[in-house]
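Trainee: here is the input, now give the coordinates:
(one chain, ligands or ions: 1)
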Amino acid sequence: MSYVDEVFDLVVAKNPAQPEFHQAVKEVLESLRVVIEANEEQYRKDALLERLVTPERQLLFRVPWVDDKGQVQVNNGFRVQFNSAIGPYKGGLRLHPSVNLGIIKFLGFEQIFKNSLTGLPIGGGKGGSDFDPKGKSDREVMAFCQSFITELHKYIGADTDVPAGDIGTGAREIGYMYGQYKRLTGLYEGVLTGKGLSYGGSLARTEATGYGLLYLTEEMLKCNGKDIAGKIVAISGSGNVAIYAAQKAQQLGAKVVTVSDSTGWVYDPEGIDVDLLKEVKEVKRARLTEYAAARKSAEYHEKKNGEHGVWNIKCDIALPCATQNELDLEDAKALVANGCFAVAEGANMPTTMEATEYLQKNGVLFCPGKAANAGGVATSALEMSQNSERLSWTFEEVDSKLKGIMVNIFHNLDDAAKKYGMAGNYVAGANIAGFLKVADAMTAQGIV
Ligand code: NDP
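Mentor: Sure thing, here's the model as predicted:
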């Protein structure tokens, strides 16, 4: 049996009931096959793959907090410190009822390669909780965040592990967590990113993942003789990534016609009104029904069982920006049938493996999330640099560095795909380029 297959079987046996983690490992290992086979003897001897797929440390903890009725609630807290070969662990905190260890491990594993691709010195980690901030009062969210950090603060620090936002963790949650960290440790340091501007946050961090997605998409299209201006774009999600992806797409001359949330989706043939979307989602924290009610040209569709809706709308470019496995084979077929020629992932692993293969086989340019959404973590790393320097850079400075990083990422993965005989396969290119740097650092640092 090949080394890749052996290690994949081991992952399934040792991590039962973690399908998302298995999926992420399979996708990465499959596309690394050619590189692994070329170095098989050494990698086997060093158990490099076994070490790569095993987190350095997994923290599981209880998060008790008191709700507004005086009732004690208990959530599960997670932090997976996956790989520190190239820098301190870095990765977001997801707050969503669906969170479990397997989801955090899939995200942490992906993060290793994403962080490597940015070219910045950051290792891979991820964390979160099955706490749902939706429908909770500010006081309840604060109580949860303080309890979460009371345990987690023992294991994080500006030079060891630097968490950030993700689904359900925005500026409000990061603020509460930072305040509690500071109170417990007495340290004013860059231990969390995505902070508010008044206490060490970076300009352009809020916009970074969505803007970065568009900078990379623009470069991918340019290198394939296409232009984003005048194109129709379908976006899923209506959170941080989706909103700023829509904003940048429109600035670049495209028309964004869809957004969605977990209960429904909007088709707006006149183009999404981003200011209205921000008002509904960022200020009112309301559902998309409010967007549709305020905008004549918008149609609202309730989500029916298993349907993802937005991918049936005719578009040139699709940007899934909500959550994992939200674009399946049926969706991929609808996109191809409607003439979509590019898909770039704003979310983490939003496209199933079958859908990815179908898109690639049908000539759709496909860029995986670990490259396409790396602008968020890259800008988080720029926030860490500013905190260490005790300086704040201007929006333009950060934005121009972000653009440079995204263009660079695209060329790295394009070159890696070409070098290993898979030109145009950006999934393989991203995995190979991300892996080689980490493997090199792990080998140089000995058996640790
Ligand atoms: P937000 O919480 O701001 O928004 C998430 C959006 O996705 C919301 O519209 C939400 O709808 C929808 N959504 C979440 N879960 C589900 C679900 N199970 N089914 C359907 N819709 C869902 O998160 P972000 O925008 O920050 O993150 C979106 C994706 O991008 C995630 O995969 C995240 O890991 C990834 N990402 C985020 C980065 C960042 O900087 N924020 C960086 C890199 C990747 P609803 O409000 O109804 O729940």
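Trainee: in the stretch 151-300 of the chain, which residue sits closest to the ligand?
Mentor: Gly239 (1.7 Å; CB to the nearest ligand atom). No exception for glycine: its C-beta is placed from N, CA and C like everyone else's.
Trainee: what's near enough to touch that residue?
Mentor: Applying CB atoms under 8 Å, 6 or more residues apart in numbering to Gly239 gives the contacts 167, 261, 281, 321-322.
Trainee: near the ligand, which of those residues show up?
Mentor: Filtering the contacts of Gly239 for proximity to the ligand by CB under 6 Å from any ligand atom leaves 167, 261, 321-322.
Trainee: ok, now how distant is Gln42 from Gly421?
Mentor: For Gln42, the distance to Gly421 equals 21 Å [CB to CB, to the nearest Å].
Trainee: who wins on neighbours among the ones next to the ligand among the contacts of Gly239?
Mentor: Most neighbours among the ones next to the ligand among the contacts of Gly239, by other CB atoms under 10 Å: Cys321, with 31 neighbours.
Trainee: and the gap between the residue positioned nearest the centre of the chain and Phe82?
Mentor: Against the mean C-alpha coordinate of the chain, by CA atoms, centre = their mean, the closest residue is Asn348 at 4.3 Å. In this view, Asn348 and Phe82 are 14 Å apart by CB to CB.
Trainee: check Gly421 too.
Mentor: Distance from Gly421 to Phe82, by CB to CB: 29 Å.
Trainee: before we move on, what about Ser137?
Mentor: Using CB to CB, one gets 34 Å for the distance from Ser137 to Phe82.
Trainee: kindly report the same for Ala234.
Mentor: 32 Å.
Trainee: would you indicate which residues of stretch 156-176 are buried?
Mentor: Within stretch 156-176, the residues that qualify as buried are 156-158, 161-176, counting by 16 or more other CB atoms under 10 Å.
Trainee: which residues of this protein lie near the ligand?
Mentor: Counting by CB under 6 Å from any ligand atom, the chain comes close to the ligand at 98, 165-168, 209, 237-242, 261-263, 321-323, 346-348, 373, 376.
Trainee: from the residues you listed, which land in strands?
Mentor: The members of the residues of the chain next to the ligand all map outside strands under DSSP state E.
Trainee: show me those residues that map onto helices.
Mentor: Using DSSP state H, the members of the residues of the chain next to the ligand that fall in helices are 209, 240-242, 376.
Trainee: which two of those have the greatest separation?
Mentor: Ala242 and Gly376 (12.7 Å; CB to CB).
Trainee: domain ranges for the chain?
Mentor: Listed domain ranges for the chain are 55-187, 206-372 (source: automatic domain parsing).
Trainee: dump those domains into JSON lines; add mean pLDDT as well.
Mentor: Below are those laid out as JSON lines (pLDDT from 0 to 100):
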{"stretch": "domain 55-187", "mean pLDDT": "98"}
{"stretch": "domain 206-372", "mean pLDDT": "96"}
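Trainee: can you give me the strands for the stretch 51-200 of the chain?
Mentor: With DSSP state E, counting those that start in this stretch as the criterion, the stretch 51-200 of the chain has strands at 57-66, 72-83, 89-95, 123-129, 161-164.
Trainee: dump these into JSON lines; add distance to Gly339 as well.
Mentor: Below are these laid out as JSON lines (distance: least, CB to CB, whole Å):
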{"stretch": "strand 57-66", "distance to Gly339": "45"}
{"stretch": "strand 72-83", "distance to Gly339": "39"}
{"stretch": "strand 89-95", "distance to Gly339": "34"}
{"stretch": "strand 123-129", "distance to Gly339": "36"}
{"stretch": "strand 161-164", "distance to Gly339": "37"}
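Trainee: in which helix or strand would I find Ala371?
Mentor: Counting by DSSP states H and E, the element that carries Ala371 is helix 369-372.
Trainee: any chance you could list what contacts that helix?
Mentor: Contacts of helix 369-372 (CB under 8 Å, 6+ apart): 110-111, 113-114, 117, 212-213, 216-217, 344-350, 409-410, 413, 426, 430-431, 434.
Trainee: show me how far that helix is from its chain's centre.
Mentor: Relative to its parent chain, helix 369-372 has a centroid offset of 7 Å by CA atoms, centre = their mean, to the nearest Å.
Trainee: hang on, Glu383 in a helix?
Mentor: Yes. Assessed with DSSP: H, G, I helix; E, B strand; the rest coil, Glu383 lies in a helix.
Trainee: pretty sure it is touching Ala204, no?
Mentor: No. With contact defined as CB atoms under 8 Å, Glu383 does not count as touching Ala204 (9.5 Å).
Trainee: can you tell me how far Phe435 is from Cys367?
Mentor: Distance of Phe435 to Cys367, computed by CB to CB: 17 Å.
Trainee: ok, and what's touching the longest helix seen in the chain?
Mentor: In the chain, with assignment by DSSP H, the single longest helix is helix 395-419. Outside helix 395-419, the residues within contact range by CB under 8 Å, 6+ apart are 117-120, 202-205, 207-208, 211-212, 215-216, 219-220, 223, 367, 371, 374-375, 378-379, 382, 393, 423-426, 428-430, 432-433, 436.
Trainee: and if you look at stretch 150-163?
Mentor: 57, 59, 61-63, 77, 79, 81, 88-93, 122, 125, 127, 177, 180-181, 184-185, 187, 189-193, 380, 384, 387-388.
Trainee: need the strands for the stretch 201-350 of the chain, in chain order.
Mentor: Ranges of strands in the stretch 201-350 of the chain, per DSSP E, counting those that start in this stretch, are 232-236, 255-260, 264-267, 299-302, 317-320, 342-344.
Trainee: closest one to Ile104 among those strands?
Mentor: strand 317-320 (20.3 Å).
Trainee: Provide the strand pairings for the closest one, with the direction of each partner.
Mentor: Using DSSP bridges, the strands paired with strand 317-320 are strand 232-236 (parallel), strand 342-344 (parallel).
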